[in-house]
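Chemist: coords please:
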Amino acid sequence: MVLFWVVIVGIGVLIFRALSRTPEHPHVQAGHSPEQLLAERFARGEIDEEEYQRRLTTLRASPPSTKHG
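Modeler: Numbering: from 1, shown residues only. Alright, predicted model coming up:
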């Protein structure tokens, strides 16, 4: 009977920890503009110069999007 309650409490603790954990996004930080994020990707070598320039032009040409809830 004691083992049953230990297992139940353990499962509860694991569920609580999983639900209270904040999502981790190592490459996305709050407050960075899309242009800054693009520049960081280019600096890390994730995209080449041609793709960087193409995406930068697209970002600067399109108006900022607004979300309508």
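Chemist: neighbours around the residue lying closest to Leu59 once chain neighbours are set aside, how many?
Modeler: Among residues not flanking Leu59 along the chain, Pro34 sits closest, at 5.4 Å (Cβ to Cβ, 6 or more residues apart in numbering). All C-beta spots, glycine's among them, are computed from the backbone N, C-alpha and C. By other Cβ atoms under 10 Å, 14 other residues sit near Pro34.
Chemist: got it, and His32?
Modeler: Neighbour tally, His32, other Cβ under 10 Å: 13.
Chemist: Which secondary structure state does it sit in?
Modeler: coil (DSSP: H, G, I helix; E, B strand; the rest coil).
Chemist: That one: what's its closest spatial neighbour, skipping adjacent residues?
Modeler: Glu40 (7.7 Å).
Chemist: What helix or strand is the one you found located in?
Modeler: Element membership of Glu40 [criterion: DSSP states H and E] is helix 34-44.
Chemist: The helix or strand following that helix: how far from the chain's middle?
Modeler: Moving toward the C-terminus from helix 34-44, the first helix or strand encountered (DSSP H and E) is helix 49-61. Mean-position distance between helix 49-61 and its chain equals 21 Å (Cα atoms, centre = their mean, to the nearest Å).
Chemist: Enumerate residues external to helix 49-61 that contact any of its residues.
Modeler: 34-35, 38-39, 41-42, 47 (Cβ atoms under 8 Å, 6 or more residues apart in numbering).
Chemist: make it 7 Å
Modeler: 34-35, 38, 42 (Cβ atoms under 7 Å, 6 or more residues apart in numbering).
Chemist: which of these has the most neighbours?
Modeler: Using other Cβ under 10 Å as the neighbour criterion, Leu38 leads the contacts of helix 49-61 with 19 neighbours.
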